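Participant: got a predicted structure here, sequence first:
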Amino acid sequence: MDTVPLHPVPPGRGSASNQASRYVEWDRTPADDGWTDEPPERRRTLVSPDAPRAVITRNQSPDVPFECSINPYRGCEHGCAYCFARPTHAWLGLSPGLDFETRLSAKYGAADRLITELRHPGYRCSVIALGVNTDAYQPVERSLRITRGVLEVLESCHHPVIIITKGALIERDIDLLAAMAHENLVHVMVSLTTLNAPLARALEPRAASPVRRLEIIKTLSGAGVPVGALIAPVIPGLTDHELESLVASAADAGARNAGYSTLRLPLEVATLFQAWLEAHQPDRAQRVMSLVRQLRGGRENDARFGHRMRGQGPIADLYRQRFALALKRHNVAPRSLDLDTGRFRPPQQPGDQLTLL
């Protein structure tokens, strides 16, 4: 697949490309005639309303430890160059490149819609993962507070939730998280990619810094909130040498458990990530992609269940062994979900008949 290096990356963004959605009937091919060296234009973040018929999404994937998830946003301002969710923007007719980072959709009525779904007579409680496809604590959440509203609903009806984030804004909601932790209703996984600050700034331009993410783990742990580290993605030839140091740093900060996954490059992400490599790590680009293909059976991506999260072959086996040894060395448990689903009670509304028990 050809890369699209195009113009310099706009400040604070992870992609230099705004290639069209794969579903459109036409596309533009940008060209540089060499007559200008103007800096790239800053792109403002635009947020539009999203009104889905349901906010709880269900999956049957054997690769993830949950069946239900809620994503308060489509698109993610963090702008991670490797984000596996980028291709979902194509469904909206938007680019998985810059549009994914700058043209967001927000589920403003998510909390009210969630109440309706949790009150349905056929609803059966199962752990909900919050912010899986895109980060529930990305920068726009500071003002929109959609994630906060969802958490308030879950806390009020004693519903278990896991949260995966790399956003420091989660500390705002420690009051809710601590209360839920007291009833074994919450677990937080803080995503760690690298301890190299300059690399993180280029790779994840609007996410919290590596040091800040370790502080999040320490703060949550200190408040009694069960917290672990998700080492993701492990990028072969770029961040894989940090696997042990990431586990060690997370353990020192107070992480109780940890998990990991390797780089995934579905659909447009392969093109976008290769362009990022050419722009930021040109001396490593060919080796990184060679190792990716070795992990993926000679392809850039392998979407098969059982293979897509960690790959296969000698390199994948080595990652598994190294990770297991790192967990043992630092007394960190493997990632697990053991939350209480028995406390759940449907949200109450004015006029509801009181129960006898």
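Facilitator: That came through, no problem.
Participant: which stretches in the stretch 101-250 of the chain count as strands?
Facilitator: Under the criterion DSSP state E, counting those that start in this stretch, strands of the stretch 101-250 of the chain are mapped to 103-106, 128-130, 161-165, 186-192, 227-234.
Participant: I'd like to know which of these is closest to Gln294.
Facilitator: Judged by CB to CB, the one of those that comes nearest to Gln294 is strand 227-234, at 13.5 Å. Where C-beta positions appear, they are placed from N, C-alpha and C, glycine not excepted.
Participant: how near is Gly297 to Ile315?
Facilitator: From Gly297 across to Ile315, the span is 12 Å (CB to CB, to the nearest Å).
Participant: which one of these two has more residues nearby?
Facilitator: More neighbours surround Ile315 than the other of Gly297 and Ile315, with 18 against 13 (other CB atoms under 10 Å).
Participant: and the helix or strand the more buried one falls within, what does it pack against?
Facilitator: Assessed by DSSP states H and E, Ile315 sits inside helix 314-329. Using 3 or more CB pairs under 8 Å, 6 or more residues apart in numbering; DSSP states H and E, the elements in contact with helix 314-329 are helix 243-253, strand 257-262, helix 285-295.
Participant: to Val64, which of the ones you listed lies closest?
Facilitator: Between Val64 and those, the shortest gap by CB to CB is with strand 257-262, which sits at 10.0 Å.
Participant: quick one: strands adjacent to that closest one?
Facilitator: Using DSSP bridges, strand 257-262 pairs in its sheet with strand 227-234 (parallel), strand 333-334 (parallel).
Participant: which of the ones you listed sits most buried?
Facilitator: Sort the strands paired with strand 257-262 by mean neighbour count, taking mean count of other CB atoms under 10 Å, and strand 227-234 sits at the top with a mean of 25.
Participant: could you give the mean pLDDT of that one?
Facilitator: The average of the pLDDT scores along strand 227-234 is 97.
Participant: now stretch 315-322
Facilitator: Here the average pLDDT along stretch 315-322 is 98.
Participant: for it, buried residues please.
Facilitator: 315-316, 319, 322 (16 or more other CB atoms under 10 Å).
Participant: from the chain's centroid, how far away is stretch 278-296?
Facilitator: Centroid separation for stretch 278-296 versus its chain: 22 Å, with CA atoms, centre = their mean, to the nearest Å.
Participant: what of stretch 334-349?
Facilitator: Distance, stretch centre to chain centre, for stretch 334-349: 22 Å (CA atoms, centre = their mean).
Participant: do stretch 275-282 as well
Facilitator: 22 Å.
Participant: tell me which residues in that stretch are buried?
Facilitator: So for stretch 275-282, counting by 16+ other CB under 10 Å, buried means 275-277, 279-281.
Participant: between the residues you listed, which is closest to Val288?
Facilitator: Distance to Val288, by CB to CB, is smallest for Leu277 among the buried residues of stretch 275-282, at 5.9 Å.
Participant: and the gap between that closest one and Ala202?
Facilitator: Computed as CB to CB, the Leu277 to Ala202 distance reads 11 Å.
Participant: surely Thr102 meets Thr45?
Facilitator: Yes - the pair Thr102 / Thr45 is scored as a contact, 5.2 Å apart, by CB atoms under 8 Å.
Participant: surely Asp135 meets Leu169?
Facilitator: No - judged on CB under 8 Å, Asp135 makes no contact with Leu169 at a distance of 9.3 Å.
Participant: between those two, which is the more surrounded one?
Facilitator: Comparing Asp135 with Leu169 by other CB under 10 Å, the one with more neighbours is Asp135, at 30 against 20.
Participant: for that one, which residues are in contact?
Facilitator: By CB atoms under 8 Å, 6 or more residues apart in numbering, the residues touching Asp135 are 73, 76, 78, 164-167, 207.
Participant: which one of these is nearest to Thr88?
Facilitator: Nearest to Thr88 out of the contacts of Asp135 is Cys76 (CB to CB; 10.2 Å).
Participant: what about that closest one, which SS state?
Facilitator: Counting by DSSP: H, G, I helix; E, B strand; the rest coil, the backbone at Cys76 sits in coil.
Participant: count the neighbours of the nearest residue to it once chain neighbours are set aside for me.
Facilitator: Nearest residue to Cys76, sequence neighbours excluded (CB to CB, 6 or more residues apart in numbering): Thr134, at 3.9 Å. Residues within reach of Thr134, counting by other CB under 10 Å, total 23.
Participant: per-residue confidence at the residue lying closest to Pro87 once chain neighbours are set aside?
Facilitator: Setting aside the residues directly before and after it, Pro87 is nearest to Leu267 in space (CB to CB, 6+ apart), at 4.1 Å. Reading off the confidence values, Leu267 has pLDDT 92.
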